[in-house]
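K.L.:
Based on what follows, work out the 3D shape:
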Amino acid sequence: MATTRIISMHINRGKTIAQCLTERTGYAENPEKTDGGELISAYECDPKTADAEFLLSKRQYKTITGREQKSDVIAYQIRQSFKPGEVTPEQANEISYELAARFLKGRHAFLVCTHCDKSHIHSHIIFNSTSLDCKRKFRNFLGSGRAIARLSDTICLEHGLSIIENPKRGKKNYNKWLGDQAKPSHRDILRSVIDDALAKTPVDFEAFLKLLLDNGYEMKRGKNFALRGQDQKRFIRLDSLGEEYSENMIRAFLAGERTHKPRHKNLQVARQKVNLLVDIQAKLQAGKGVGYERWAKVFNLKQMAQTVNYLTEHSLLEYSVLAKKAESATTRYNELSAQIKAVEKRLAEIAVLKMQIINYAKTCDIYAAYRKSGYSKKYLAEHEGDILLHKAAKKAFGELNVKKLPTVNSLQVEYAALLVEKKASYTDYRQVRDEMKELLTVKANVDRLLSTNGRAAEKGKEHEQR
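P.N.:
Residues are numbered from 1 along each chain as shown. Prediction:
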């Protein structure tokens, strides 16, 4: 899911165009927000000098067209915000780049800076208001925001992401839209876990509680039983879930005295992911206190239980089988990554090639006349922009090693086919990536447990020898 907004970037009072461009691009490129600059990509400009390149194109626009800039719009920005947890920063940057490329159709230079310093990942797409040929300006037409939103939804669907169904324009912001997506509460999830546990017909109440503990819940005994999941801050009492979920009613069901009627339909509760064990000693040496040590011990116990559950569920109780499966998943992930990168490289080449073929065709007659004039300086001054475009196109053909120019239609067909291939690969890529991460985490936890047990055994032998 992603929301979009297009913003006109104006000249601030008392500042020059150069100062405004530098400030806007500087904010977007902030290393603290873009993972040290790793989440920055660009088209037809260098991120380090984008502000200067934008300014130069505006000066060339004035030289070529003889027109002054009437409005104070110096650039445009598209903000694309993603649903928390649905995309990685790298994937968000790729999607935003694709959005800019398809919306601008290779006519304007742009910069994509993805910020990951907030809970929701979002991209700032800044594109030059002046076209690459320095002859036209982008006009923020009526309905451009809606067109961008529709294109964004299309790209999100192609990447297997959700979209906002029937958004209400002008009334709700991004956070309120997310709030409408009826997420199950902690109480709903706990009810569903209890329903699943009771469906397994445990022999008694203690066996029932063990099933809840196996699902990652922490238990507090007292006048009333209370449970807390890994993502919860507070315990939830059983009697607060409704009469059907009270201790007395559950005991009566286990004794065969009554039937259990779930209050809600069972939710699809995601299995708790396995996290890496905490190196408690290293953290204590780094300055952590007794409170952190107490928390870390409980956390490690939970992760060890999750690790054992994962190994049991996936029949990976032999270390050699686990290691082999982790290696296989890593190899498959690397293969898919290389395949997707090759497709993306070709997509970028096609976009550049299409633009250069069009420029070459438009300026072919002018360049032929320029040669016929004996490379006249006067003719060059009159047609400098077209001649430079023609030379740039020929240079691009050489860099792309193009011997015979393809047709624009054939390139469009290839581009569409590659997009379909990329979409299919991304579906497998995400599944393999998640599987690989979990397998590597489980293997790292097993390695840590084995090394800890090995050190404990060595210390025991040393103690016996003494």
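K.L.:
use CA for all of it now, contacts and neighbours both
P.N.:
Fine.
K.L.:
where exactly do the helices run in the chain?
P.N.:
Secondary structure of the chain (DSSP state H): helices at 17-28, 50-65, 89-104, 144-158, 174-179, 186-199, 205-214, 247-254, 280-285, 290-313, 319-372, 377-382, 384-399, 408-465.
K.L.:
Mean pLDDT lowest where, among these?
P.N.:
For those, the weakest mean pLDDT is recorded on helix 174-179, namely a mean of 46.
K.L.:
so of the helices of the chain, which one's packed in deepest?
P.N.:
helix 89-104 (a mean of 20; mean count of other Cα atoms under 10 Å).
K.L.:
What lies in contact with it?
P.N.:
Here helix 89-104 makes contact (Cα atoms under 8 Å, 6 or more residues apart in numbering) with 39-42, 80, 82, 110, 112-116, 121-123, 125, 148, 151-152, 155-156.
K.L.:
Now, these that are in strands?
P.N.:
40-42, 80, 82, 110, 112-115, 122-123, 125 (DSSP state E).
K.L.:
ranking those by neighbours, who comes first?
P.N.:
Counting neighbours by other Cα atoms under 10 Å, the top entry in those is residue 114, with 33 neighbours.
K.L.:
Disregarding flanking residues, what is the spatial nearest neighbour of that one?
P.N.:
Excluding the flanking residues, the one nearest residue 114 by Cα to Cα, 6 or more residues apart in numbering is residue 123, at 4.1 Å.
K.L.:
Enumerate every residue touching that neighbour.
P.N.:
Per Cα under 8 Å, 6+ apart, neighbours of residue 123: 78-81, 92-93, 96, 112-115.
K.L.:
I'd like to know how far residue 278 sits from residue 240.
P.N.:
34 Å (Cα to Cα, to the nearest Å).
K.L.:
higher neighbour count, the two?
P.N.:
Shown here are residue 278 and residue 240; by other Cα under 10 Å, residue 278 has more neighbours (16 against 12).
K.L.:
Report pLDDT for that one.
P.N.:
Per-residue confidence at residue 278 stands at 85 (pLDDT).
K.L.:
Please report phi then psi for it.
P.N.:
Dihedral pair for residue 278: phi -80, psi 130, per degrees, to the nearest 10.
K.L.:
I'd say it and residue 301 touch.
P.N.:
No. In this structure residue 278 lies outside contact range of residue 301 using Cα atoms under 8 Å: 10.2 Å.
K.L.:
Quick one: neighbours of residue 279, just the number.
P.N.:
Neighbour count for residue 279, taken as other Cα under 10 Å: 13.
K.L.:
do you know how far it is from residue 156?
P.N.:
According to Cα to Cα, residue 279 and residue 156 sit 39 Å apart.
K.L.:
ok, for residue 259, nearest residue in space, not its chain neighbours?
P.N.:
With sequence-adjacent residues excluded and distances taken as Cα to Cα, 6+ apart, residue 259 is closest to residue 253, at 5.7 Å.
K.L.:
And the one you found, how close does it get to residue 415?
P.N.:
Using Cα to Cα, one gets 61 Å for the distance from residue 253 to residue 415.
K.L.:
Likewise for residue 259?
P.N.:
Distance check for residue 259 against residue 415: by Cα to Cα, it reads 59 Å.
K.L.:
Kindly report the same for residue 44.
P.N.:
19 Å.
K.L.:
repeat for residue 213
P.N.:
52 Å.
K.L.:
same check, this time on residue 95
P.N.:
Residue 95 is 16 Å from residue 415, by Cα to Cα.
K.L.:
and what of residue 369?
P.N.:
Separation of residue 369 from residue 415 (Cα to Cα) stands at 34 Å.
K.L.:
same check, this time on residue 328
P.N.:
Using Cα to Cα, we find residue 328 at a distance of 31 Å from residue 415.
K.L.:
Can you pull the phi/psi pair for residue 406?
P.N.:
In terms of degrees, to the nearest 10, the main-chain angles of residue 406 are phi -80, psi 170.
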